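Novice: got a predicted structure plus its sequence, pasted below:
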Amino acid sequence: MTDEDKRPFLSHLEELRKRLVACAIAVAVGFAVSYAFSERLFNLLIMPLKAVMPEGDQLIFTNLPEMFFTYLKVAFLSGVMLMAPFIFYQLWMFIAPGLYRREKKYVIPFVVASTILFVGGALFGYFVVFPFGFKFFIGFSNEYVKALPSVKQYFSFAIKLLFAFGVVFELPVVIFFLTKMGIVTPELLGRKRKYAILLTFVLAAILTPPDVITQCMMAGPLIILYEIGILVSRTARKRKEAKEEKEEEAEKKEEEEG
């Protein structure tokens, strides 16, 4: 690699470092604000499990500093959620130099849509998937076997699901920009629908616990989001074609006037 080739690569790394530092500072601020409410936030996080646990049962922790570190993790998670719009804005600013001028104006729709979908996916996991999943697992308790979920295990399990649902709900935004860049088309997405459905179940099996109910509750919304993505792709292409037609007409007028 020559020095000339290295310069653009190094400039991209420097830009990435700048954006990551900005995100880290923002999350640190969100963490500082959230830590004061970490106990309340943790109580909210465990509510879906407490609702299906037998009366009198409770979570346990087997390591003395476990709750302290759990509160730190809860505050960090809350800080990420709180600063999600800023994080998505930094992501946009990192990829913006590679976009056309007309595409750069999508910064606000991108930030708003990404934030709503990410938080919406996490809330879907919390309010819809958690109650069914936890009820399924607690159902294995009987007079001989009793569930004693630990704080550490529950937190890791819950955060994995929350982030998984938040990320997969970004699918329409990803499809929109892939269409804008000409990488995918509505026709291609329609032809690959059966492969996409298979992939959603494979992805759901990887990201969720090994029970059919939870996997279907992730795969179902993913399939719906894929269909929404096809509609979004059609809309994006129509707008792109309309802009290209206007540009062509403007060029013709200039040629005629010239």
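Specialist: Structure received.

Novice: tell me, please, the helix or strand in the protein that averages the lowest pLDDT.
Specialist: helix 212-257 (a mean of 77; mean pLDDT, DSSP states H and E).

Novice: the helices in the stretch 51-200 of the chain, which residues?
Specialist: 66-82, 84-95, 107-124, 130-138, 151-168, 171-180, 186-191, 193-207 (DSSP state H, counting those that start in this stretch).

Novice: tell me what the last one is packed against?
Specialist: To tie it back to what came earlier, the one meant is helix 193-207. helix 151-168, helix 212-257 (3 or more CB pairs under 8 Å, 6 or more residues apart in numbering; DSSP states H and E). From N, CA and C alone the C-beta is placed, and that goes for glycine too.

Novice: deepest of the ones you listed, which one?
Specialist: Stretch with highest mean neighbour count among these: helix 151-168 (a mean of 18; mean count of other CB atoms under 10 Å).

Novice: if we can go back for a sec, for residue 217, which of the helices of the stretch 51-200 of the chain is the nearest?
Specialist: helix 130-138 (6.5 Å; CB to CB).

Novice: which residues touch residue 163?
Specialist: Residue 163 makes contact with residue 122, according to CB atoms under 8 Å, 6 or more residues apart in numbering.

Novice: can you start the count at 554 instead of 1 from here on
Specialist: Happy to do that; since the first residue is 554 now, the last one works out to residue 716.

Novice: before we move on, the earlier item: now render the helices of the stretch 604-753 of the chain as CSV, adding distance to residue 782 and mean pLDDT.
Specialist: Converted to CSV, the helices of the stretch 604-753 of the chain look like this (distance: least, CB to CB, whole Å; pLDDT from 0 to 100):
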stretch, distance to residue 782, mean pLDDT
helix 619-635, 24, 92
helix 637-648, 18, 89
helix 660-677, 11, 89
helix 683-691, 25, 83
helix 704-721, 11, 88
helix 724-733, 4, 85
helix 739-744, 7, 87
helix 746-760, 9, 85
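
Novice: so residue 628 is in contact with residue 588, correct?
Specialist: Yes. The criterion here is CB atoms under 8 Å, and residue 628 meets it with residue 588 at 4.0 Å.

Novice: how many residues are close by residue 741?
Specialist: 13 (other CB atoms under 10 Å).

Novice: what does residue 644 give?
Specialist: Residue 644, neighbours per other CB under 10 Å, totals 15.

Novice: residue 754 versus that one, what's the distance?
Specialist: Here residue 644 is placed at a distance of 28 Å from residue 754 (CB to CB, to the nearest Å).

Novice: ok, residue 733 next?
Specialist: Taken as CB to CB, the span from residue 733 to residue 754 is 28 Å.

Novice: neighbour count: these two, which is higher?
Specialist: Looking at residue 733 and residue 754 with other CB under 10 Å, you find the greater number of neighbours at residue 733, namely 19 against 16.

Novice: contact partners for the nearest residue in space to that one that is not next to it in sequence?
Specialist: Using CB to CB, 6 or more residues apart in numbering and skipping the chain neighbours, the partner closest in space to residue 733 is residue 789 (5.5 Å). Going by CB under 8 Å, 6+ apart, residue 789 touches 729, 732-733.

Novice: still on that earlier bit, may I see the helices and strands packed on helix 746-760 arranged in CSV, with distance to residue 691 as well?
Specialist: Converted to CSV, the helices and strands packed on helix 746-760 look like this (distance: least, CB to CB, whole Å):
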stretch, distance to residue 691
helix 704-721, 12
helix 765-810, 13
